[in-house]
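**Q** any chance you can model this:
(2 chains)
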Amino acid sequence: MSESPPAVVETHQLTKTYKGVQALESLDLVVQRNSIFGFLGPNGAGKTTTIKLLLGLIRPTAGTASVFGMDIVRESVDIRARVGYLPQEPHFYEHMSARQTLRFAARFFFKGPEKAIEERVEEMLHLVDLDEKADRPIKTFSGGERQRLGIAQAQVNYPDLLILDEPAASLDPIGRRDVLEVMSRLRKYTTVFYSTHILDDVQRVSDTVVILDKGSLVAQGPIEDLLAGGEGAVYIVHLRGDVEAARRQVQAQPWVTRLHAGEHAGETAWQVSVSDQEAAEAQLLKLLVNGPVLVTEFRRKQYELEDIFMQVVQGGQDVRQ
Amino acid sequence: MSGNSAFVMVTERGWRRGLGNLLSNEFAAWWKTKLWWIQCLIWGGIIGFMLGAIIFGSPDFALDEALFIYSIFAGLFPAVAVVIVMQDAIVGEKQEGTAAWVLSKPVSRPAFILSKFAANSVGVLATMVVFPGIIAFAMLSLAAKAPLDLSRFLPALGVIFLSHLFYLALTLMLGTLFRGRGPVIGISLGFLFLQQYLIGMLPALKYALPWTLVIPLNNQNDAIVPALLTGQPPYSLIPLAAIAIEIVVFVWIALVRFEREEF
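**A** Next comes the predicted model:
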């Protein structure tokens, strides 16, 4: 029996209350090593609260959590020695340059040697394309440049866990693409835990997703499971001919849970919900092709993350995996 | 990515974690910016101008009177600057979000507070006590046509520094207790100027408040620094011990409060 590798982050009933307001309620979370973990939710859902709890910047009201097996309250400093963090709105000392800021950040982890620290600083400046502006004071930086500096300082120690709070929020499309590329590249070396409200980004790079709403977890699972939908598989079928006979035949199958018929470009369009995906894949198309209809399109419905998000956040539906 | 094998890793644990780096940063904020020479210019200028006016402005110059005035100027007015410099040290960092950023690194919270206290203490000592003190010593020695007695002048500078340290620790503590600059600067400056009235209402408070370290109540022997400078015995040494204890208590409260702060 093979043992699964220890989780990087684990929370148990983690709760945070601010003056009677529940910011986070009984969160149970497991983040596996080398995953890109997308933490999704509308503003005020509790994403930043969770991140701050993991970093020891705030204390839990109830529940426990560990990072690398270390307790977030008692061993917070040791946890932060292995973590890189990009805050939602990065704030640095305005009089410092980007180079000085990275040097300052690096010295919390490394005593020396000087040459290696300077090389690491150069590498980070290059990574986020701030080489040219390395010696300008930060007070002259744009929002995007600050964000890039934030990403650089978060990685200066090559962390085992990179926590990014809305890393692409203030970036233009090219900056966003670059950040997502960096995250994908880092997967080999580190675990990335990042919060966002940009669903497209999550769908592009994450392998596991958690959706929070009003401080509570409403969905959690591998991205492909979430995108497959919470109600089981759905097949899109476009057809022409004697559809009524075909419909009766399909609806008679025990694995068909629902058949919704509509029209699309002069053809009949079905959405067939099934409870047994294997049976559907083996039999559904065969059933139709052998019948009195012409099948012009047949595919499994792919959900967009936005569909899932709206479903669980606005519909209040719990689709925990 | 080549990993971290080329580095010597930080090994400090407990409250010392991050202290060295924070201290370097805080010292740099004093000595690698214009702060140090602005403070030197202000306090050296004020003390020099004031003593110059006394020494050269009056034909019947009296050394004791000049030493007495020096005690008041060097003891009271830089305390205002101490409050202004320190009010930003904690509250400014809390408001601007830099404290949260620094504390997201492997840094102990006591290290954050102690680095502020230590680096600012040294900055205040050098620019508001020692530098204007050297100017005062030189001018008064020239005027007296003989060097002042260092065995009296240096302890007086020490007591002036103790007085400034009180306001520094008070402002540091208030910075951990409040989120806005208003209460921190208001309470500190209010206390600075109102304590003479408090002592008026309850005279025993002169042993516990820093006012009589540098400023006399009725005659110049009522305060420790003027007495030391003029070779008189101080009225009591209790205020020195009391203020030193209060400084320790303020720093301790700051450490405890900051440990509970949420960012």
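**Q** residue A:310 should be in a helix, yeah?
**A** Yes: according to DSSP: H, G, I helix; E, B strand; the rest coil, residue A:310 belongs to a helix.
**Q** and the helix or strand containing residue B:72, what does it pack against?
**A** Residue B:72 belongs to helix B:63-96 when assigned by DSSP states H and E. Counting contacts by 3 or more CB pairs under 8 Å, 6 or more residues apart in numbering or on different chains; DSSP states H and E, helix B:63-96 is packed against helix B:35-57, helix B:98-103, helix B:109-124, helix B:131-144, helix B:150-177, helix B:181-201, helix B:211-214, helix B:224-229. For every residue, glycine as well, the C-beta is placed using N, CA and C.
**Q** go ahead and flag the most central residue of chain A.
**A** residue A:38 (1.3 Å; CA atoms, centre = their mean).
**Q** and that one, what is it in contact with?
**A** Residues counted as contacts of residue A:38 (CB atoms under 8 Å, 6 or more residues apart in numbering or on different chains) are A:194, A:196, A:201-202, A:205-206, A:208-210, A:223.
**Q** show me where the stretch 151-300 of chain A has strands.
**A** A:161-165, A:191-196, A:208-213, A:216-222, A:234-241, A:256-264, A:267-274, A:293-300 (DSSP state E, counting those that start in this stretch).
**Q** so can I have JSON lines of these showing mean neighbour count?
**A** Shown next, in JSON lines, are those (neighbours: other CB atoms under 10 Å in any protein chain shown):
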{"stretch": "strand A:161-165", "mean neighbour count": "25"}
{"stretch": "strand A:191-196", "mean neighbour count": "25"}
{"stretch": "strand A:208-213", "mean neighbour count": "24"}
{"stretch": "strand A:216-222", "mean neighbour count": "20"}
{"stretch": "strand A:234-241", "mean neighbour count": "18"}
{"stretch": "strand A:256-264", "mean neighbour count": "13"}
{"stretch": "strand A:267-274", "mean neighbour count": "19"}
{"stretch": "strand A:293-300", "mean neighbour count": "14"}
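**Q** residue B:185 is nearest to which of the ones you listed?
**A** Of all these, strand A:161-165 sits nearest to residue B:185, with 32.0 Å by CB to CB.
**Q** partners of that closest one, with directions?
**A** Sheet pairing of strand A:161-165 (DSSP bridges) gives strand A:83-86 (parallel), strand A:191-196 (parallel).
**Q** mean pLDDT lowest for which of those strands?
**A** With a mean of 90, strand A:191-196 has the lowest mean pLDDT of these.
**Q** so what touches it?
**A** Taking CB under 8 Å, 6+ apart as the rule, strand A:191-196 contacts A:8-9, A:31-41, A:47-48, A:50-51, A:54, A:88, A:160-169, A:183, A:186, A:202.
**Q** kindly report the same for stretch A:254-261.
**A** Against stretch A:254-261 from outside (CB under 8 Å, 6+ apart): A:232, A:243, A:247, A:250-251, A:268-276, A:279-280.
**Q** so what's the residue lying closest to residue A:243 once chain neighbours are set aside bridging to?
**A** In space, residue A:243 comes closest to residue A:268 once its chain neighbours are excluded; the distance is 4.6 Å by CB to CB, 6 or more residues apart in numbering or on different chains. Judged by DSSP bridges, the bridge partners of residue A:268 are residue A:239, residue A:263.
**Q** how about the contacts made by residue A:209?
**A** Counted by CB under 8 Å, 6+ apart, residue A:209 has contacts A:37-38, A:40, A:202, A:219-223, A:226, A:305.
**Q** cool, and residue B:233?
**A** By CB under 8 Å, 6+ apart, the neighbours of residue B:233 are residue B:227.
**Q** go through the strands of the stretch 151-300 of chain A and name the closest to residue B:236.
**A** Nearest of the strands of the stretch 151-300 of chain A (CB to CB): strand A:161-165, 55.9 Å.
**Q** what about residue 201, how many residues nearby?
**A** No chain in the question, so chain A it is. Residue A:201 sits with 22 neighbouring residues when counted by other CB atoms under 10 Å in any protein chain shown.
**Q** actually chain B
**A** Residue B:201, neighbours per other CB under 10 Å, totals 7.
**Q** quick one on the thing from earlier: which one of the contacts of stretch A:254-261 is nearest to chain B?
**A** Closest approach to chain B among the contacts of stretch A:254-261 (CB to the nearest CB): residue A:232, at 41.5 Å.
**Q** distance of the closest residue to chain B within chain A from residue A:169?
**A** Residue of chain A nearest chain B, by CB to the nearest CB: residue A:91 (3.3 Å). Per CB to CB, to the nearest Å, residue A:91 is found 15 Å from residue A:169.
**Q** what sits against the nearest residue to residue B:8 once chain neighbours are set aside?
**A** Residue nearest to residue B:8 in three dimensions, not counting chain neighbours: residue A:111, with 4.4 Å by CB to CB, 6+ apart. When contacts are counted by CB under 8 Å, 6+ apart, residue A:111 is found next to B:7-11.
**Q** before we move on, what about residue A:234?
**A** Taking CB under 8 Å, 6+ apart, one finds A:271-274, A:300-301 in contact with residue A:234.
**Q** rerun at 10 Å
**A** Applying CB atoms under 10 Å, 6 or more residues apart in numbering or on different chains to residue A:234 gives the contacts A:228, A:257-258, A:260, A:270-274, A:280, A:300-303.
**Q** look up how far residue A:257 lies from the residue of chain B found nearest chain A.
**A** Of all residues in chain B, the one sitting closest to chain A is residue B:97 (3.3 Å; CB to the nearest CB). Taking CB to CB as the criterion, residue B:97 is separated from residue A:257 by 51 Å.
**Q** what do you get for residue A:158?
**A** In terms of CB to CB, residue A:158 sits 49 Å off from residue A:257.
**Q** now residue B:68
**A** For residue B:68, the distance to residue A:257 (CB to CB) stands at 96 Å.
**Q** mark which of the contacts of strand A:191-196 are buried, thanks.
**A** By neighbour count, with 16 or more other CB atoms under 10 Å in any protein chain shown, those hold A:8-9, A:31-32, A:35-41, A:47-48, A:50-51, A:54, A:88, A:160-169, A:183, A:186, A:202 as buried.
**Q** inside helices: which ones of these?
**A** Judged by DSSP state H, these include A:47-48, A:50-51, A:54, A:183, A:186, A:202 as members of helices.
**Q** chain B next: which of these are close?
**A** A:51, A:186 (CB under 10 Å from any CB of the partner chain).
**Q** where does the chain dip in pLDDT?
**A** I went with chain A, as the question did not name one. By pLDDT under 70, the low-scoring segments of chain A are A:1-5, A:228-232, A:314-321.
**Q** actually it's chain B I care about, not the one you picked
**A** B:1-2, B:220.
**Q** centroid residue for it?
**A** Centroid-nearest residue in chain B: residue B:164, 3.0 Å away (criterion: CA atoms, centre = their mean).
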